[in-house]
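*Asks:* return atomic coordinates for the entry below.
(2 chains)
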Amino acid sequence: MNCEVCQLKELEVEHYEIREVLRCILHTIIFHRALGLVRPKEIDLELFEITYVQCGDVDVEKKIDEKIEQFICWVEKHPNKKSQICLSFFEVKNKQASWFTNKIERLYWEQWYINLNVAQQPKVHSSKSYSSKVVDPGENAHEERSVRRATLEASLRDVLFQIIRFVNDKKEHVPPIPNREGVISFPYEITIPSSSDSAFGMDMIKRMLQTGHPTMLS
Amino acid sequence: MASSHSDAARMEQIITEFFAKSLHIILETRSPYMSSRNFSGEQTVSSPSSSSSSSSSVRPRDKWFNLALRECPEALENLDLWRQSNLEPMVVDVILVKRSLDWDPINFSPKPELPKNLSSKEAYLNCWNSDQEELGTEGQCEKIIERWVVQYEVRKTKGGGKGGKRSSSNLLSLLYKKSMLLLRSLYVTVRLLPAYKIFRDLNLTGQIRSYSLAHRVSSFAEPFTRREEAEMQRFSFGPVDTSCGRLCLSVMYRSSLSDVSSEGFTPMSPQFIPDYVGSPLADPLKRFPSVPMSHGSPSLPFSRRHSWSFDQYRASPPISISPSPTYSEPYAPTSNPCRFPPPSLPPHPPETSNRRKDNASFDEYCPSPTFSPSPSPSPPIYIPGSHISKVLLRSESAPVNIPTKKLQTSSLKNPNLPPSPPLKGTRGGTPRADKTMVPTQLNATVEKMLVGKDDSKRYTGVKISISRSSSRSFHEDFDESELTCPFDVDDDDIIDHGTRPESFDQKGCLREPLEPGGLMPMRKSQGAAVGALINPESGSPFGVAAAII
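*Replies:* Have a look, this model is predicted:
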């Protein structure tokens, strides 16, 4: 089985926008893969005029929020860095126990890469610097922010449509829906960059080896 | 042979339900709901809380494609009216209706082009001329802002029928799974297109707008002019292949609706003015004659930008006796009347004994078709009030019954297969839905609207928005006690469907449509609808009335 990979368009976000943007994207993807009986839940973003859809599963919501918080912590420690969050869907195969390993094998069949470029956020606004931003600079900053926000909203819509197109164009690789209870049909994991970049990279290489990524095969 | 016949029937049913589901998804976000009360007249409070935790039963039709949607009576009505064979495309036009500035709703006269007879193609053509920009009617102009096309294209060569090495059951599973994916995408997409914002604005804000949304479902539509096409964008969903053809879904939409949103409306603070005409207290239920199809202009203030919950829409669901029970039923007789092999069986063929049993049941429960598909295209259908009765008469002629335990013991253990048909044919009994027969006129939801011509005159009036859900008027004719869901009797059957039972309320009570939605009752709004105001500065001949609630 091949693993379909989707690299989503990179988004330039500010720190305070991370949560909403990631929730929107992650939930949209998962909604498309939650093929159990779903009663969808519509959520309006506060920062953008976008309504996205959740599958309504409380555990999913919790898991996503946890990962987002972890990601935000990572971003705070690694400012001004491009970052990538990976949402993967896999099948669990019970690997035959051997001398060396008794592990359950994960066969990844789909991976989504969310690419974010988090703008540096000045953490503390001293009263001095704030008060120095009077009228004109403040207005300019406000305008710039509006323009940037509008651009980000358009880009976020593009990303959502990118997800929709990908889901529609590629359906063959989706495994048969397993007989499992609940809304979520397929196990998934969200990988955020770990504290060390190299470890993150190793995770990705390991995953690619497991899934037999085309580029890895000769 | 029997196996291939039943597989073909199953495929037909999947396709039929796909049409129904896609229409439901589209209209639930394009048909602003009008009702301000639930059936018991209680005020309902919209809750931003999670909808998934609400005590909602799983209706039989929810199981289709594993997507449980809000009640949408418009979808049911339109589907009843449209229902063609699966070979006919389903074209859903979403129409932006803008009222012109000098429209006086008090003296509003019906559009002369309103067809008196829905079957009259001439009337249709008169009403929906090729220039979609304007109708000849005074007071409003209409523009198609979205056109959805759902169709099943049959492959001319039957080569696909063999399906290679795949068994037909596997093919069905694949079809069903891909349909689920497509419908999920559709659900997300309808909320990303520009028209959704208009829908939300109409539903959630308390301000009166000079525009509203209408829709039309037909099996053909006038093609757009080149100019119109140039203004629209197209998005096509990936088709779903079947053994004999493919399911296609696409949309053309106007990417820019800025001219709508930029029009002036002014939120007004409530004020009392002494010399207004048409006090809502005087005649709160005054109905304007022949108001055309419902256009959403709700008067009730809702806070915007909050998480929606399923409950919010419970106001709109009708006493779903008529639409709900007949939702699936009309389709069942046309192709695969009743039966679907119990989905608890694996997707592979050996459904032998059960299937034989089911076939026996099939014969036993097969009702006469509700209506036969029309071979020729029918004119597009929209529903002025007087025609709702016809709609419901048609839909309610379908016998409605509740799946018995015998039929429903099969739980949805195999999610790759569609659910058993939720509604079976009659066993000869009169459906309970017949009791709640067709209302002769639509119920009106009272809203307030300030109407005036110029600054020199000050009017307030009551704008009556006609609900397209005819079943909402049931409560006028029947006691609440009668408005019980016919499914109540066999609640246990619903529980037994086995679809993710822990996810939903196991009571399986299909009183859900009776549960309060998110809007306030009409009577209360009447009492509160005293405040009327005019904004002479707005420049519009009719000011904006705020619903004071």
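
*Asks:* got the end-to-end distance for stretch B:81-99?
*Replies:* End-to-end distance for stretch B:81-99, by C-alpha to C-alpha, to the nearest Å: 27 Å.

*Asks:* lowest-pLDDT helix or strand in chain A?
*Replies:* One helix or strand of chain A scores below all others by mean pLDDT, DSSP states H and E: helix A:127-132, with a mean of 50.

*Asks:* other SSEs contacting the helix or strand following that one?
*Replies:* With elements assigned by DSSP states H and E, the helix or strand that comes after helix A:127-132 is helix A:135-169. Counting contacts by 3 or more C-beta pairs under 8 Å, 6 or more residues apart in numbering or on different chains; DSSP states H and E, helix A:135-169 is packed against strand A:4-7, strand A:11-13, helix A:18-33, helix B:168-190, strand B:232-241. In this view, the C-beta of every residue, glycine as well, is placed from N, C-alpha and C.

*Asks:* could those be laid out in CSV, adding distance to B:Ser255?
*Replies:* Below are these laid out as CSV (distance: least, C-beta to C-beta, whole Å):
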stretch, distance to B:Ser255
strand A:4-7, 24
strand A:11-13, 21
helix A:18-33, 20
helix B:168-190, 13
strand B:232-241, 5
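
*Asks:* now these in CSV, with mean pLDDT and distance to A:Trp74?
*Replies:* Compiled in CSV, the helices and strands packed on helix A:135-169 are given as follows (pLDDT from 0 to 100; distance: least, C-beta to C-beta, whole Å):
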stretch, mean pLDDT, distance to A:Trp74
strand A:4-7, 94, 20
strand A:11-13, 93, 14
helix A:18-33, 96, 10
helix B:168-190, 92, 28
strand B:232-241, 93, 35
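
*Asks:* so can I have CSV of these showing distance to A:Glu143 and mean neighbour count?
*Replies:* Output for those, formatted as CSV (distance: least, C-beta to C-beta, whole Å; neighbours: other C-beta atoms under 10 Å in any protein chain shown):
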stretch, distance to A:Glu143, mean neighbour count
strand A:4-7, 32, 17
strand A:11-13, 17, 19
helix A:18-33, 21, 22
helix B:168-190, 32, 23
strand B:232-241, 29, 17
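
*Asks:* and of the ones you listed, who's closest to B:Leu213?
*Replies:* For B:Leu213, the closest of the helices and strands packed on helix A:135-169 is helix B:168-190, at 12.6 Å, according to C-beta to C-beta.

*Asks:* quick one: that closest one to helix A:135-169, angle?
*Replies:* 160 degrees (axes from the mean of the first three to the mean of the last three C-alpha atoms, to 10 degrees).

*Asks:* next secondary structure element downstream of helix B:168-190?
*Replies:* helix B:194-204.

*Asks:* now for that following helix, which elements pack on it?
*Replies:* strand B:90-99, strand B:140-154, strand B:211-218, strand B:245-254, helix B:258-261.

*Asks:* mean confidence for the fourth one?
*Replies:* Along strand B:245-254, the predicted confidence averages to a pLDDT of 94.

*Asks:* for the stretch 1-150 of chain B, which residues score under the pLDDT cut-off?
*Replies:* Residue ranges of the stretch 1-150 of chain B with pLDDT under 70: B:1-3, B:34-56, B:82, B:101-138.

*Asks:* chain A now?
*Replies:* A:1, A:95-103, A:121-137, A:194-218.

*Asks:* what residues does it have near chain B?
*Replies:* Within reach of chain B by C-beta under 8 Å from any C-beta of the partner chain, chain A has these residues: A:28, A:31-32, A:35-44, A:46, A:49-53, A:56-58, A:157, A:160-161, A:163-164, A:167-169, A:171, A:174, A:176-179, A:181-183, A:185.

*Asks:* among the residues you listed, which ones are in strands?
*Replies:* When the residues of chain A next to chain B are checked against strands (DSSP state E), the matches are A:41-44, A:51-53.

*Asks:* can you put these in a markdown table and add neighbour count?
*Replies:* Output for those, formatted as a markdown table (neighbours: other C-beta atoms under 10 Å in any protein chain shown):
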| residue | neighbour count |
| --- | --- |
| A:Lys41 | 23 |
| A:Glu42 | 21 |
| A:Ile43 | 21 |
| A:Asp44 | 18 |
| A:Thr51 | 21 |
| A:Tyr52 | 23 |
| A:Val53 | 23 |
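
*Asks:* what's the closest of these to A:Lys81?
*Replies:* Of all those, A:Lys81 sits closest to A:Tyr52, with 25.9 Å by C-beta to C-beta.

*Asks:* excluding chain neighbours, what is closest to the closest one?
*Replies:* A:Cys24 (4.5 Å; C-beta to C-beta, 6 or more residues apart in numbering or on different chains).

*Asks:* how close does that neighbour sit to A:Asn179?
*Replies:* The gap separating A:Cys24 from A:Asn179 is 31 Å, by C-beta to C-beta, to the nearest Å.

*Asks:* try B:Ser210
*Replies:* Distance of B:Ser210 to A:Asn179, given as C-beta to C-beta: 53 Å.

*Asks:* who has more neighbours out of the two?
*Replies:* More neighbours surround B:Ser210 than the other of B:Ser210 and A:Asn179, with 20 against 13 (other C-beta atoms under 10 Å in any protein chain shown).

*Asks:* is it true that the more buried one touches B:Gly139?
*Replies:* No: B:Ser210 lies out of contact with B:Gly139 (C-beta atoms under 8 Å); the separation is 10.4 Å.

*Asks:* name the residues contacting each of these two.
*Replies:* Shared contacts of B:Ser210 and B:Gly139, defined by C-beta atoms under 8 Å, 6 or more residues apart in numbering or on different chains, comprise B:Arg99.
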